[in-house]
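A.B. asks: Predicted model follows, preceded by the sequence.
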Amino acid sequence: MKQKRKAVALISGGLDSMLAVKVIQEQGIHVEGINFFTGFCVEGHTHAVRKKHKDKQKRNNALWVAEQLGIKLHIVDVVDEYKDVLLNPVHGYGKNVNPCLDCKTFMVKKAVQWIKEHDFDFIITGEVVGQRPMSQRRETMPVVAKESGGDDLLVRPLSARQLPETLPEREGWLDRDKLYDFSGRTRKPQMALAQQYGFTDYAQPAGGCCMLTDENYAIKLQDMWHNRPSRNYELDDIIMLKMGRHFRLAPYLKLIIGREEGENNFMQGYKNQFMSIFPTSHPGALCLVDGEFKTEQEKQQALALVARYSQGKNDAQVSLTIRQSDGTEQDFTIAPMAPENINKEWLI
Amino acid sequence: MSDEVHYVDARRLLCPLPVIRAQDAVAQLKTGDMVIVSSTDPGAKADIPAWCRINGHQVIDIKEQDHEIIITLCVGDC
């Protein structure tokens, strides 16, 4: 009896990996999915926390895609291992702080390890030649295959006919003629194939949930790196960069002020890790203090700023409490900061 | 179903960590064991059942109380 071959697919939750799996399933291959949690695919976090996104479905797109395809999905926590990829990318960063080429190589390398441990035959990705400026160029796609150790076990079904033949094709596990030759930045061939397969609901853009490609997020991350003795980070650090308004008052002092109830609720969970400030005379935002006050002026500025983001912003005075992370509290009353006194350079 | 009940505290964790914590707990257990996952991420309400469906586990109950979502699942085909 012919042996049923098994492939693992890197699933981002976008359309391309969804199509790549379907193309391979159509050739009778057993496919399972793998999704790597780096900590930076945080769109789901904001959707979960912010009311602004309440109309967006609170779902993990990778899980959703796996369910539509009828495949198992293995979600792997790589937060710690990923630090080295982000902090020391061999191929550098893209437009922001996105180490896309090193990232893809890392993920394929992890998949190579996974197929060895689970007795699978090859790896598939939804990569398309020329689709992305860093990791999905004709010159860089072979780099990913080589440096990851994936070599000819790495199949890109949507662009396979633009690339050298892989082992699954040579061995006859896959019919090369039934693979595709997509290339370039256009999404039209993917849309047409999606329509052919009856996929009408899918996340757009494919792979676009990585916060490292987001300019505003990158600025906050670089600010954090610049103002700390080490660029090393913890998961909480990178999640907090997505929460609230960030004001850098001094190299050793940053305020994170919640923008809405959902964020305030979420940030409450950090009150035992950070000093916090909250209004007591009016409803208003919670502020987490990342750092310390070295001068009385900094403390007064912080209090006035938090008062400014309370519902007492137009009143003469607002009462607030500063709570230390050990639970000790001190009360203050202060005039809210006038908008013209907010130093634009504070806002990150 | 067995009498073995395992608790996963995924409170304050955001998507997909509650799923990862549930997945890691289930990997150590046997068919019929029960797992109770507590989460504060509203996304867990969709994600943990989806993960159970695609991996062949059964969701027994979903409760919400005080901003907390408590999902009881049974490992395997119970």
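C.D. replies: Structure's in. What do you need?

A.B. asks: drop to CA atoms for contacts and neighbour counts, all remaining ones
C.D. replies: Will do.

A.B. asks: where along chain B do the strands fall?
C.D. replies: Taking DSSP state E, the strands of chain B run over residues B:5-10, B:34-39, B:58-65, B:68-74.

A.B. asks: just those strands: most buried one?
C.D. replies: Highest mean neighbour count among those (mean count of other Cα atoms under 10 Å in any protein chain shown): strand B:34-39, with a mean of 23.

A.B. asks: so what strands line up beside it?
C.D. replies: Taking DSSP bridges as the criterion, strand B:34-39 sits next to strand B:5-10 (parallel), strand B:68-74 (antiparallel) in its sheet.

A.B. asks: Could you tell me the angle between the longest one and strand B:58-65?
C.D. replies: So that's strand B:68-74. 160 degrees (axes from the mean of the first three to the mean of the last three Cα atoms, to 10 degrees).

A.B. asks: where does the residue nearest to residue A:325 when sequence neighbours are not counted land in three-state SS?
C.D. replies: Spatial nearest neighbour of residue A:325, excluding adjacent residues (Cα to Cα, 6 or more residues apart in numbering or on different chains): residue A:272 at 4.4 Å. The three-state assignment at residue A:272 reads coil, by DSSP: H, G, I helix; E, B strand; the rest coil.

A.B. asks: Could you double-check that residue A:272 lies in contact with residue A:326?
C.D. replies: Yes. With contact defined as Cα atoms under 8 Å, residue A:272 counts as touching residue A:326 (6.4 Å).

A.B. asks: residue ranges for the strands of chain A, please.
C.D. replies: Applying DSSP E to chain A gives strands spanning A:6-10, A:30-37, A:73-77, A:122-124, A:154-155, A:245-250, A:253-257, A:275-279, A:287-291, A:318-323, A:329-334.

A.B. asks: Could you export those as TSV, including mean pLDDT and distance to residue A:198?
C.D. replies: As requested, the strands of chain A are arranged in TSV below (pLDDT from 0 to 100; distance: least, Cα to Cα, whole Å):
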stretch	mean pLDDT	distance to residue A:198
strand A:6-10	98	20
strand A:30-37	96	19
strand A:73-77	95	21
strand A:122-124	98	21
strand A:154-155	98	23
strand A:245-250	97	42
strand A:253-257	98	44
strand A:275-279	98	50
strand A:287-291	97	47
strand A:318-323	98	55
strand A:329-334	98	59
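
A.B. asks: right, so those: which one is the most enclosed?
C.D. replies: Highest mean neighbour count of the strands of chain A: strand A:154-155, a mean of 29 (counted as mean count of other Cα under 10 Å).

A.B. asks: What pairs with it, parallel or antiparallel?
C.D. replies: Strand pairing for strand A:154-155, determined by DSSP bridges: strand A:122-124 (parallel).

A.B. asks: who touches the partner strand?
C.D. replies: A:6-10, A:20-21, A:108, A:111-112, A:115, A:150, A:153-157, A:168 (Cα atoms under 8 Å, 6 or more residues apart in numbering or on different chains).

A.B. asks: Which part of chain B gets nearest to chain A, residue-wise?
C.D. replies: Ranked by Cα to the nearest Cα, the top residue of chain B for proximity to chain A is residue B:43, at 4.8 Å.

A.B. asks: Phi, psi for the residue of chain B positioned farthest from its centre please.
C.D. replies: Relative to the centre of chain B, the most outlying C-alpha is that of residue B:66, 18.0 Å out, by Cα atoms, centre = their mean. Main-chain dihedrals, residue B:66, degrees, to the nearest 10: phi 50, psi 60.

A.B. asks: what residue ranges in chain B score low on pLDDT?
C.D. replies: Residues of chain B that meet the criterion pLDDT under 70 lie in B:1-3.

A.B. asks: residues in contact with the most centrally placed residue in chain B?
C.D. replies: Chain B has residue B:37 as the residue nearest its centroid, 4.4 Å off, counting by Cα atoms, centre = their mean. By Cα under 8 Å, 6+ apart, the residues touching residue B:37 are B:7-10, B:18, B:22, B:70-72.

A.B. asks: just residue A:328 next, same as before
C.D. replies: Not one residue lies near residue A:328 by Cα under 8 Å, 6+ apart.

A.B. asks: what's the spacing between it and residue A:93?
C.D. replies: Residue A:328 sits 43 Å away from residue A:93, going by Cα to Cα, to the nearest Å.

A.B. asks: Now for the closest residue to residue A:17 other than its chain neighbours, how many residues are close by?
C.D. replies: Spatial nearest neighbour of residue A:17, chain neighbours left out: residue A:126 (4.0 Å); criterion: Cα to Cα, 6+ apart. A count of nearby residues for residue A:126, using other Cα atoms under 10 Å in any protein chain shown, gives 23.

A.B. asks: Could you do residue A:188 as well?
C.D. replies: Neighbours of residue A:188 using other Cα under 10 Å come to 10.

A.B. asks: so what's the nearest residue to residue A:305 once chain neighbours are set aside up against?
C.D. replies: In this structure, residue A:305 finds its nearest non-sequential neighbour in residue A:337, 5.5 Å apart by Cα to Cα, 6+ apart. Residue A:337 makes contacts with A:301, A:304-305, A:307-308, A:313, as judged by Cα under 8 Å, 6+ apart.
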